[in-house]
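**Student:** Return a 3D structure for these sequence lines:
(chains A and B, ligands or ions: 2)
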Amino acid sequence: MPSLPDMNTPEVAELARMQGAHAHPPVPAPDAGEQALFECLLRIGDSTLVLGHRVSEWCGHSPALEEDIALANVALDLIGQTQNWLALAAEVEGQDRSADDLAYLRDAWDFRNLLLVERPNGDFGHTLMRQFLFDAWHHEFLKGAAASTDPRVAEIAAKAAKEVAYHLERTSDLIVRLGDGTAESHRRMAAAVEALWSYTGEMFLADAKDAEIAARGILPDPASLREPWLATVGAVFAEATLALPDSAFAHKGGKQGIHTEHLGYILAEMQFLQRAYPGASW
Amino acid sequence: MYAQVVKSEGSKTRDEMTPEELAFQDRIDRGEKIEPKEWMPEGYRKTLIRQIGQHAHSEIVGQLPEGNWITRAPTLERKAILLAKVQDEAGHGLYLYSAAETLGVSRDELMELLHAGKMKYSSIFNYPTLTWADMGAVGWLVDGAAIMNQVPLQRTSYGPYSRAMIRICKEESFHQRQGYAIMMKMAQGTPAQKRMAQDALNRLWYPSLMMFGPSDKDSVHSAQSMAWKIKMNTNDELRQKFVDQTVPQAEYLGLTVPDPDLKWNEEKGGYDFSEPDWSEFYDVLAGNGPCNKDRLGARVKAWEDGAWFRDALVVHAEKAAARRAVAAE
Ligand SMILES: [Fe+2]
Ligand SMILES: [Fe+2]
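**Tutor:** Numbering: from 1, shown residues only, chains lettered A, B, ... in the order given. Ligands and ions are numbered 1, 2, ... in the order given. Below you'll find the model as predicted:
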């Protein structure tokens, strides 16, 4: 039996030599500014991709034909926006990758989506609440991004903002109707708020990359979106007779690539064909 | 087809018809459209409800086999195209339920009949979609077969049904082309992709031929439906047309139609081909297809799980109306 190297070797270099490790060729570091923009574009593009995936899981299974149509529409908008955001991210990265490469050939730790969007669908009320909480943020985010100093960002955001204004109108209306519907619908919507609230805080937390991109006027400062978001959510909840939680606890990590267990399964499903048949063209 | 074995009511000779029925038949023979508020024989109304209802159910159950691949679509563009297609099918269901409603039956009533197993949907949707090539083959063959039947139905005698068909046909031909585009990619792709494409054709060829229903050249039901112009061709005519159109398309893809007896018949100007296994067809209709339980189960679950949602919308609307009434006092 081959003997394992002695882990007590004081010299790390010696340990590496014993393990037969090779020195890696240095990877050229991308320009730090472009790196921050790339990351921030993934944060939005991955969020729309993962939410689009979740929404599309409802296709043919929703409570009414009108909802099947509306959900497919939302998913289509989100996937279309993903194509734009990830194509721009790939262009900024400059490593000759496509939007599809980014969507289908990265593992979970390289995804930068918000944790909120990877939460499972739950019942239909849960899905609508997740969508509403996201839409209210997404709408503010896109309004800010539409005024970007980067014309490529401004163009994508302006187009998406029109779609998302409609998403928000639809979910606001449904949250009111379900919150102020039957006792059961109220209970379900309150449970959804309770389950999802702690995943909303992440939308407003900035790290150094967000701060840099906001300082350059490319994307809005995440913290600046909290107040208008809360105003929208507060007004809708009041009409829906739903209580606004006072907990400020926020799960975080999605924007830095530390996800919940759910993302791995989403990607296993989404990426199956690209992974099983590498290099094929579809 | 999407409405495969529709029992027709009626079948009277001109001598047996009342003056009203005679006048009605004359209008149809002149190519006039019948509109919802106009007089119609009870048998015409009932047969139409059955046919349109079955067609509507097929559209919504038809979301399921393709919905099965949305989350696994291999590129963002393919995902978007598939989503749009499945969305179209839901829209077709909506147009058709609306057309049926003009005949005095509500969407909810029709859905309940579907869920209770008292109304059918097309047998084709009881087959599974097992590989991505099935997304190509379904568009190419299933939407292709649907178009065969629905293009002539644009000229059907019942106005709302005819108008629904006109809207639907435009989208269906889109679906068929998109399906064929997927098949082309697969047939020209890697060996594994070609294998998937051939496998999809092997599995879906005969079920697609079954979509037209068994031969009805001697059926009195079909004769009555054709006299009323709610059925425009016999099942055999449409099946022949479908085979004649599809075989060259398969050849162009470099795929083999799974029928050793398929051959061109110069005399009739069409292909001779093998009949599908009709005992399998009747098994599927009786609920024993590979996916009957899953498909209907998924629809029933969606309906039952969504009851609280639909109820809440009704209750909210009542509350809002009551509040408006108080405010108006
Ligand atoms: Fe359709
Ligand atoms: Fe279709």
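**Student:** Not counting sequence-adjacent ones, nearest residue to the residue of chain A found nearest chain B?
**Tutor:** Distances between chain A and chain B by C-beta to the nearest C-beta are smallest at A:Pro63, namely 2.1 Å. C-beta: built from backbone N, CA, C; applies to glycine. Once flanking residues are discounted, A:Pro63 sits nearest to B:Gly306: 2.1 Å by C-beta to C-beta, 6 or more residues apart in numbering or on different chains.
**Student:** for A:Gln274, what are its contacts?
**Tutor:** A:Asp100, A:Tyr104, A:Leu105, B:Pro74 (C-beta atoms under 8 Å, 6 or more residues apart in numbering or on different chains).
**Student:** measure it to B:Tyr206 for me?
**Tutor:** For A:Gln274, the distance to B:Tyr206 equals 32 Å [C-beta to C-beta, to the nearest Å].
**Student:** likewise B:Met135?
**Tutor:** Counting by C-beta to C-beta - B:Met135 and B:Tyr206 are separated by 19 Å.
**Student:** Poorly predicted segments of the chain, please.
**Tutor:** I went with chain A, as the question did not name one. A:1-10, A:12-30 (pLDDT under 70).
**Student:** oops, I was thinking of chain B
**Tutor:** B:1, B:10.
**Student:** Which single residue in it comes nearest to chain A?
**Tutor:** Closest residue of chain B to chain A, C-beta to the nearest C-beta: B:Gly306 (2.1 Å).
**Student:** May I ask you to confirm that that residue is in contact with A:Glu66?
**Tutor:** No: contact between B:Gly306 and A:Glu66 fails when scored by C-beta atoms under 8 Å: they sit 11.2 Å apart.
**Student:** quick one: the helices in the stretch 1-150 of chain A?
**Tutor:** A:12-18, A:32-56, A:65-93, A:99-104, A:115-118, A:124-145 (DSSP state H, counting those that start in this stretch).
**Student:** Which of those helices sits closest to ligand 1?
**Tutor:** helix A:65-93 (12.9 Å; C-beta to the ion).
**Student:** List the contacts of the residue of chain B closest to chain A.
**Tutor:** Listed by C-beta under 8 Å, 6+ apart, the contact partners of B:Gly306 are A:Ser62, A:Pro63, A:Ala64, A:Glu67, A:Phe124.
**Student:** gap between it and B:Ala200?
**Tutor:** From B:Gly306 over to B:Ala200 (counting by C-beta to C-beta), the distance is 32 Å.
**Student:** ok, now B:Arg155?
**Tutor:** According to C-beta to C-beta, B:Arg155 and B:Ala200 sit 33 Å apart.
**Student:** Which one's more surrounded, these two?
**Tutor:** B:Ala200 (26 against 13; other C-beta atoms under 10 Å in any protein chain shown).
**Student:** Now the host helix or strand of that one: buried residues?
**Tutor:** Under the criterion of DSSP states H and E, B:Ala200 resides in helix B:191-210. The neighbour-count check on helix B:191-210 (16 or more other C-beta atoms under 10 Å in any protein chain shown) flags B:193-194, B:196-201, B:203-210 as buried.
**Student:** Could you do stretch A:129-136 as well?
**Tutor:** A:Met129, A:Arg130, A:Gln131, A:Phe132, A:Leu133, A:Phe134, A:Asp135, A:Ala136.
**Student:** Cross-check the contact I'm expecting between the third one and A:Thr171.
**Tutor:** The one in question is A:Gln131. Yes: counting by C-beta under 8 Å, A:Gln131 does reach A:Thr171; the two are 5.0 Å apart.
**Student:** returning to what we had before: filter the contacts of A:Gln274 to the buried ones?
**Tutor:** A:Asp100, A:Tyr104, B:Pro74.
**Student:** ok, now which ones touch the first one?
**Tutor:** Meaning A:Asp100. Here A:Asp100 is in contact with A:Gln274, B:Thr75, B:Leu76, B:Glu77 (C-beta under 8 Å, 6+ apart).
**Student:** Let me know the helix or strand that the first one is in.
**Tutor:** According to DSSP H and E, A:Gln274 maps onto helix A:272-276.
**Student:** burial of the closest residue to ligand 1 within the stretch 201-329 of chain B, as a residue count?
**Tutor:** Residue nearest to ligand 1 within the stretch 201-329 of chain B: B:Met211 (12.6 Å; C-beta to the ion). Other residues lying near B:Met211 total 27 when counted by other C-beta under 10 Å.
**Student:** count of residues packed around the residue of chain B at minimum distance from ligand 2?
**Tutor:** Proximity of chain B to ligand 2 (C-beta to the ion) peaks at B:His175, 3.8 Å away. When neighbours are defined as other C-beta under 10 Å, B:His175 has 24 of them.
**Student:** Helix, strand or coil: sort out it for me.
**Tutor:** Secondary structure state of B:His175, per DSSP: H, G, I helix; E, B strand; the rest coil, is helix.
**Student:** Contact residues of the stretch 151-300 of chain B facing chain A?
**Tutor:** Within reach of chain A by C-beta under 8 Å from any C-beta of the partner chain, the stretch 151-300 of chain B has these residues: B:Ile182, B:Lys185, B:Gly189, B:Thr190, B:Ala192, B:Gln193, B:Ala298.
**Student:** Now restrict those to buried residues only.
**Tutor:** The buried subset of these - by 16+ other C-beta under 10 Å - is B:Ile182, B:Lys185, B:Gly189, B:Gln193, B:Ala298.
**Student:** List the residues that contact the nearest residue to the third one once chain neighbours are set aside.
**Tutor:** This points to B:Gly189. Closest residue in space to B:Gly189, ignoring its immediate chain neighbours: A:Ala280 at 5.7 Å, by C-beta to C-beta, 6+ apart. Residues near A:Ala280 by C-beta under 8 Å, 6+ apart: A:Leu273, B:Pro74, B:Gly189, B:Thr190, B:Ala192, B:Gln193.
**Student:** Among these, which one sits closest to ligand 1?
**Tutor:** B:Pro74 (23.2 Å).
**Student:** Contacts only, for the spatially most central residue of chain A.
**Tutor:** With distances taken as C-alpha atoms, centre = their mean, the residue of chain A nearest its centroid is A:Ser47 (2.0 Å). Residues near A:Ser47 by C-beta under 8 Å, 6+ apart: A:Asn113, A:Leu114, A:Val117, A:Phe134.
**Student:** Okay then, goodbye and thanks.
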